[in-house]
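J.: Predicted model and sequence follow; I will ask about them next.
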Amino acid sequence: MDRIACLYITDEDLARYIQAVIHHYRYRLRLTYWPGWENSRGPGGESPHVIILSLNGGDKSSLFDILGERKACPCPVLLIYEREQALDALNLSKKSGVVFLKRPFTPQQLAKALQRVCPSEQEVNRSSHYFFGEDSKVIEIREKIQRISQTNITVLIQGESGTGKEIAARLVHEQSPRHKEQFIKVNGAAIPGTLLESEFFGYEKGAFTGAYCAKPGKFDLAHRGTLFLDEVGDIPLPLQSKLLQVLQNGEFSRLGGREDVCTDVRVIAATNADLPRLVEQGRFRSDLYYRLNVAHITIPPFRDRKGDIPLLKEYFLEKYCAAYNKPYMHFSKRIMDLFSEYIWPGNVRELENIVKNIVVLENESVAYAEIRGRLIGSRDKNDGRGGRSPAIVDRCLVYNLLCQGGLSLKKIGQECIRTIETEAIKACLEKTMWNRRACASRLKISYKSLLNKMCEYGIHKR
């Protein structure tokens with residue numbers, strides 16, 4: 001029977017996060033979640049092998065009781081606490097068999113803590129955070145990566161920018177028999193076409209003016225490893241034929257070289273372009289497309305897997321709170337609702353950057369205003385209005401003002417302007433780290449006018 005981890009906790013997001021980490025690292029742990037402190041047994045009276053406790057959940061006396069009752073159930077305990085609870089954790093540390101984990105923590109730190117309470121558990125899955133979640137498409141990608149990584153077949157990865165194509169390629173490499181060898185990346189869009197051939201295949205001494213010594217190419221460097229061709233759709237047609245020859249024969253010639261060089265390289269290609277359409281337009285070789293497209297991975301955009309937002313938010317939050325030594329933050333319901341409504345054109349990378357911004361500023365107001373602005377802009381674009389939006393004011397605000405009764409159109413307009421100016425000043429102050437002179441300069445008003453408006457609108461630094 002699988003091991004059981006009993007979690008007494010009131011924070012459901014943390015419970016789901018721990019469950020996702022357990023699943024992600026493929027530990028033999030079955031997490032049973034229920035709030036309550038009645039006893040240290042599972043809902044069905046099962047004896048747990050591991051107990052995970054949060055110092056935040058329940059009262060401290062109950063925590064002591066549970067730790068004391070472990071005589072009847074002598075299993076290890078993982079105790080999660082926050083920075084300000086260090087003294088309480090120190091008092092609880094007198095109980096034996098307790099492993100402590102301070103929030104915020106990364107999945108890797110949680111995995112190590114689980115290995116301490118369950119020494120037999122080893123990390124067997126190196127999947128990345130971009131594919132961290134419970135969505136069926138993501139689970140399918142993880143399983144597909146695991147299957148194809150054990151072979152040497154070429155792989156074509158397609159998806160929008162920010163979905164994690166390079167990370168998927170690295171996962172294939174890291175789980176393959178070639179994982180101890182080099183993973184070499186070449187970006188077909190970042191290097192001028194005239195330099196791509198020498199970048200791919202290298203050159204001999206004297207091959208051209210300035211070639212004072214021989215230089216190995218990416219195929220040389222990736223020998224016995226993996227070569228990742230990013231933005232493969234941007235590779236020029238003349239170079240595509242030479243690339244096809246390498247894939248077919250495993251041989252290439254350097255610039256200025258007389259002999260063919262044998263290479264043993266696994267090729268993984270990625271693109272956000274529609275390659276079949278490029279083939280139809282004559283901009284991409286069909287034989288190269290079919291040679292690359294042996295195994296195919298399509299990464300869905302983040303807007304199609306919004307159910308994973310809470311888990312990924314929690315992952316990035318724990319990661320960057322730990323990285324920047326910031327206290328753990330709880331996101332408000334309004335910004336989580338906005339996350340669910342937003343279409344995420346930058347995909348998972350955009351969510352990561354937004355959470356990082358919130359952690360660094362220790363305030364979500366700026367991020368909320370920016371996302372809301374983007375959301376309104378995208379709605380206006382979809383509605384065909386474009387340009388500046390007359391619907392910048394929340395309709396709920398206008399509706400509430402109308403419900404008050406007795407307000408003229410002029411008064412409603414004044415109240416809307418007041419709301420907009422308040423939010424604009426707050427956002428600008430956050431952006432300028434509450435430098436009021438810099439804020440006044442950005443808003444193109446005098447310093448005195450800014451102070452007057454802050455006083456009028458009741459804006460104070462928290």
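T.: In hand now; what should we look at?

J.: Just the mean pLDDT for stretch 313-320, thanks.
T.: Averaged over stretch 313-320, pLDDT sits at 85.

J.: From the chain's centroid, how far away is it?
T.: 9 Å (Cα atoms, centre = their mean, to the nearest Å).

J.: what about the helices in the stretch 301-450 of the chain?
T.: 309-323, 333-341, 347-361, 365-382, 395-404, 409-431, 436-443, 447-457 (DSSP state H, counting those that start in this stretch).

J.: wait, doesn't residue 450 sit right on residue 440?
T.: Yes - at 4.2 Å, residue 450 counts as touching residue 440 under the criterion of Cβ atoms under 8 Å. All C-beta spots, glycine's among them, are computed from the backbone N, C-alpha and C.

J.: Let me see the backbone angles for residue 105.
T.: phi -140, psi 150 (degrees, to the nearest 10).

J.: and it, how far is that from residue 99?
T.: 12 Å (Cβ to Cβ, to the nearest Å).

J.: what do those two both touch?
T.: residue 113 (Cβ atoms under 8 Å, 6 or more residues apart in numbering).

J.: Skip ahead from the lowest-mean-pLDDT helix or strand in the chain and say which helix or strand is next.
T.: Sorting the helices and strands of the chain by mean pLDDT, DSSP states H and E puts helix 60-68 at the bottom, at a mean of 52. The first helix or strand that comes after helix 60-68 along the chain, using DSSP states H and E, is strand 77-82.

J.: What's the local residue count around residue 269?
T.: Other residues lying near residue 269 total 28 when counted by other Cβ atoms under 10 Å.

J.: Enumerate every residue touching it.
T.: So residue 269 contacts 154, 155, 156, 157, 228, 229, 230, 232, 292 (Cβ under 8 Å, 6+ apart).

J.: which one of these is nearest residue 256?
T.: Using Cβ to Cβ, residue 229 is the member of the contacts of residue 269 that sits closest to residue 256, with 23.3 Å.

J.: And the helices of the stretch 301-450 of the chain: which comes nearest residue 205?
T.: helix 347-361 (41.5 Å).

J.: Could you check how far that closest one is from the centre of its chain?
T.: For helix 347-361, the distance to the chain centre is 9 Å (Cα atoms, centre = their mean).

J.: Do a quick rundown of the strands in the protein.
T.: 3-8, 29-33, 50-54, 77-82, 98-103, 155-158, 183-187, 226-230, 251-252, 261-262, 266-271, 295-298 (DSSP state E).

J.: Which one, of those strands, ends up nearest to residue 355?
T.: Once the strands of the chain are compared by Cβ to Cβ, strand 98-103 is nearest, at 15.1 Å.

J.: so what secondary structure elements neighbour that closest one?
T.: strand 77-82, helix 86-92, helix 107-117 (3 or more Cβ pairs under 8 Å, 6 or more residues apart in numbering; DSSP states H and E).

J.: what comes up buried for the longest one?
T.: Residues of helix 107-117 classed as buried by neighbour count (16 or more other Cβ atoms under 10 Å): 107, 109, 110, 111, 113, 114, 115, 117.

J.: Compute the mean per-residue pLDDT across that helix, please.
T.: 78.

J.: Stretch 341-356 too?
T.: 90.

J.: In this structure residue 422 contacts residue 454, no?
T.: No - using Cβ under 8 Å, residue 422 makes no contact with residue 454, being 9.4 Å away.

J.: Now do the same for residue 422: its pLDDT.
T.: 87.

J.: Residue 459 versus that one, what's the distance?
T.: Relative to residue 459, and taking Cβ to Cβ, residue 422 is found at 7 Å.

J.: try residue 178
T.: In terms of Cβ to Cβ, residue 178 sits 58 Å off from residue 459.

J.: Give the buried residues for stretch 244-251.
T.: 244, 246, 247.

J.: next one: stretch 170-177
T.: 170, 171, 172, 173, 174, 175, 176.

J.: now swap in stretch 219-236 and tell me
T.: So for stretch 219-236, counting by 16+ other Cβ under 10 Å, buried means 219-220, 222-223, 225-235.

J.: More neighbours: which of residue 178 and residue 459?
T.: Between residue 178 and residue 459, counting by other Cβ under 10 Å, residue 178 is the more crowded of the two (20 against 15).

J.: For the contacts of residue 269, name the two members farthest from one another.
T.: 154 and 230 (14.4 Å).

J.: Would you check that residue 161 makes contact with residue 272?
T.: Yes - using Cβ under 8 Å, residue 161 is in contact with residue 272, at 5.5 Å.

J.: Looking at these two, which is more packed in?
T.: Of the pair residue 161 and residue 272, residue 272 is the one with more neighbours under other Cβ under 10 Å, namely 17 against 13.

J.: measure that one to residue 257 for me?
T.: For residue 272, the distance to residue 257 - Cβ to Cβ - is 34 Å.

J.: again with residue 305
T.: For residue 305, the distance to residue 257 - Cβ to Cβ - is 47 Å.

J.: out of those two, which sits in the busier spot?
T.: The neighbour comparison of residue 305 against residue 257 (other Cβ under 10 Å) goes to residue 305, with 21 against 15.

J.: Spatially, which residue comes closest to the more buried one, not counting chain neighbours?
T.: Among residues not flanking residue 305 along the chain, residue 135 sits closest, at 4.0 Å (Cβ to Cβ, 6 or more residues apart in numbering).

J.: What of residue 461?
T.: In space, residue 461 is closest to residue 434, 5.4 Å off (Cβ to Cβ, 6+ apart).

J.: domains of the protein?
T.: 3-117, 136-298, 305-392, 395-462 (automatic domain parsing).
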